[in-house]
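>>> Below are the sequence and a predicted model; questions follow.
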Amino acid sequence: MPRVDIDYDQLPSEVKHNLSVEQWQEAKNEVILEGDTIPETTYYLNLKNGLSREYLAGQRADGPLLPVHDLAGARGKDDTQFHTAPRNAHTHL
């Protein structure tokens, strides 16, 4: 079950331009909730205000955050990033 319940129509344009409705259903599982600990240093998109910036591992999330690399599907709507992971990739539950 997804950890965040944000309707697709309420997402920042950066997400809607790069993920289909179906991909958003999968991407919800990757969202770091506000107050949760950032699992890895990378760029995240704040789903409340649409701003992206680098967060450091161990910081607290200041909003629901989607890792920017999850937007890799781009306009082609390729969802490979949700079904494969590089060796030694870290995930959070």
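In hand now; what should we look at? Everything numeric in this text was worked out from a predicted model, so none of it was measured. Residues are numbered from 1 along each chain as shown.
>>> For the rest of this, base every contact and every neighbour count on C-alpha atoms.
Fine.
>>> Would you mind giving the secondary structure of the residue nearest the centre of the chain?
The centre of the chain sits closest to Leu66, judged by CA atoms, centre = their mean, with a distance of 2.2 Å. Secondary structure, DSSP: H, G, I helix; E, B strand; the rest coil: Leu66 is strand.
>>> now it, which residues is it bridged with?
Beta-bridge partners recorded for Leu66 (DSSP bridges): Leu45.
>>> From Glu30, how far off is it?
6 Å (CA to CA, to the nearest Å).
>>> Ala57 now?
According to CA to CA, Ala57 and Glu30 sit 15 Å apart.
>>> So which of those two has more stuff around it?
Between Ala57 and Glu30, Glu30 has the larger neighbour count (other CA atoms under 10 Å), namely 19 against 12.
>>> State whether that one and His69 are indeed in contact, as I suppose.
No. With contact defined as CA atoms under 8 Å, Glu30 does not reach His69; the gap is 10.5 Å.
>>> Buried residues of stretch 30-38, list them for me.
For stretch 30-38, the neighbour count (16 or more other CA atoms under 10 Å) marks 30-33, 37-38 as buried.
>>> Many thanks, I have nothing further to ask.
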